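Visitor: Quick one, what's the 3D model for this:
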Amino acid sequence: GNSDLQPDFVWLKQRDSRDHFLFNSVSGIRKYVASNTNAAEDTLADGLKSFDSDGFTIDDGVGINENNDPHVSWNWKAGTALNNSAGANGGSIATTGSINTTSGFGIVKYEGSGADATIYHGLGKIPRLIITKNIDQTFHWSVYTFNSNTKILRLNGTNAEATETAFQSTHPTATVQSLGDHNQNNGDGDTHISYMFCDVPGYQKIGSYIGNGNADGNFIYLGFKPAFILLKGTANTENWSVYDNKRLGYNVDNNVI
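Guide: Reported below is the predicted structural model:
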């Protein structure tokens, strides 16, 4: 709309090199996880120091504010507090976080049980993309996509999707996500952060397509002009690719991260 954006999820990247720095308002200022590594959550003393009513403020940290270097940030707003006790609303373990039912985005924090469990997300829609990190341990990122409840992707790796027990072979519902006995998204006693995304017509779309190998490529129908595109070839060893409409050019001139 026409209002300023107070972000709850800030994804920062120095465009020449360096890690990807992911900050969120649930974990708090200066706390980050790098999406290209399996490292646990860390504190960057000269990192993101405030989530503001119209943006965010950063210090002079390496990788987020280097002199004369190009950077990019992608930002999402949640804003409504999530607090759900264990056993309530179908969630067997407690969740906290920040959600936005209009935009279909949520940040959900929970302590893993190490056994089959469910977590309440409060979005009122079915998440079709769930990106989770065990922030206490050096485990891989867990990525759930709507097209399989038995396969998992790694945000920090180029791996093809692999069969795992992370989701109890169960798709999320409009209320809860199912977790298996998997250290990446349900480590016993470990804290986890999940970024959840739902389809919202005209705003956000999570889907899949089969490539054709042609120079002109496929046309992928979304129903709107996208500003941010995240891609992963799931069948082969491929990099994740990020495109946006704020960096160089469009189409063949658009640089990838």
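Visitor: Report the residue spans of this protein with pLDDT below the cut-off.
Guide: By pLDDT under 70, the weakly predicted segments of the chain are 1, 249-253.
Visitor: just the helices in it please.
Guide: 183-186 (DSSP state H).
Visitor: quick one: the strands in the stretch 101-250 of the chain?
Guide: 105-111, 117-120, 127-134, 142-145, 148-153, 162-163, 176-179, 191-198, 228-232, 240-244 (DSSP state E, counting those that start in this stretch).
Visitor: Please enumerate residues in contact with the shortest one?
Guide: Around strand 162-163, the neighbours that count as contacts under CB atoms under 8 Å, 6 or more residues apart in numbering are 150-152. Glycine gets a C-beta too; all of them are placed from N, C-alpha and C.
Visitor: Next, count neighbours for residue 51.
Guide: 20 (other CB atoms under 10 Å).
Visitor: Ok, residue 20 next?
Guide: Residue 20: 20 neighbours (other CB under 10 Å).
Visitor: so who does residue 218 touch?
Guide: Per CB under 8 Å, 6+ apart, neighbours of residue 218: 209-212.
Visitor: no no, residue 7
Guide: 25, 51, 55-56, 75-77.
Visitor: Same question for residue 200.
Guide: With CB under 8 Å, 6+ apart, residue 200 has these contacts: 102-104, 125.
Visitor: Of those residues - the most surrounded one?
Guide: residue 104 (22 neighbours).
Visitor: follow-up on the earlier one: among the contacts of residue 7, name the buried ones.
Guide: 25, 51, 56, 75-77 (16 or more other CB atoms under 10 Å).
Visitor: could I get these as a markdown table with distance to residue 135?
Guide: Listed next are these as a markdown table, based on distance: CB to CB, whole Å:
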| residue | distance to residue 135 |
| --- | --- |
| 25 | 15 |
| 51 | 18 |
| 56 | 20 |
| 75 | 20 |
| 76 | 18 |
| 77 | 21 |
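Visitor: Please narrow the residues you listed to those residing in strands.
Guide: Per DSSP state E, strands hold the following members of the buried ones among the contacts of residue 7: 51, 56, 75-76.
Visitor: now these in TSV, with distance to residue 6?
Guide: Formatted as TSV, those follow (distance: CB to CB, whole Å):
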residue	distance to residue 6
51	6
56	9
75	9
76	11
